[in-house]
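Colleague: From the sequence below, what's the structure:
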Amino acid sequence: MATAAHPTTGPAPDPTDYLTVPQVAFALRLSQETVWRMARSGTLPSCRVGNGRGQVRILCADFSAYLAANRLPAGLAAVAASAPSSSRERAPWTTTPRR
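Modeller: Below you'll find the predicted structure:
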């Protein structure tokens, strides 16, 4: 079945095309607050999703462009995609049991 095109933006985006603030912060080894500041200032292109304050999402392509523009390893995009999408989730590669 073909993906229906949105009348103004083209094909519907795949949810996996976006990264969360915790994923980007993990990949760049920065605090989430620093990533939010980067998004607010426009240093890192982002969008808000949801009602009210919503949640910040970063398009994977924009994150890859940010990495290239700042001469950072392109592999960080894969690190971000494999990181937990929420700071409440534990990374799958951790071995310390939760108490």
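
Colleague: Just list the residues touching residue 25, thanks.
Modeller: With contact taken as C-beta atoms under 8 Å, 6 or more residues apart in numbering, residue 25 is in contact with 31, 32, 34, 35. C-betas here are computed from N, CA, C, even on glycine.

Colleague: Could you identify which of those residues has the most neighbours?
Modeller: For those, the largest neighbour count, defined by other C-beta atoms under 10 Å, is 25 neighbours, found at residue 35.

Colleague: contacting residues for it?
Modeller: Contacts for residue 35 (C-beta under 8 Å, 6+ apart) come out as 21, 24, 25, 28, 44.

Colleague: Just the buried ones among the residues you listed, please.
Modeller: 21, 24, 25, 28, 44 (16 or more other C-beta atoms under 10 Å).

Colleague: Looking at those, which are in helices?
Modeller: Members of the buried ones among the contacts of residue 35 lying in helices (criterion: DSSP state H): 21, 24, 25, 28.

Colleague: Let's have those in TSV, adding distance to residue 60.
Modeller: Formatted as TSV, these follow (distance: C-beta to C-beta, whole Å):
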residue	distance to residue 60
21	14
24	10
25	15
28	14
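
Colleague: TSV for those residues, including pLDDT and distance to residue 54?
Modeller: Formatted as TSV, these follow (pLDDT from 0 to 100; distance: C-beta to C-beta, whole Å):
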residue	pLDDT	distance to residue 54
21	93	12
24	95	16
25	94	18
28	95	22
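
Colleague: Return the member of these nearest to residue 77.
Modeller: Nearest to residue 77, judged by C-beta to C-beta, of those is residue 24 at 9.7 Å.
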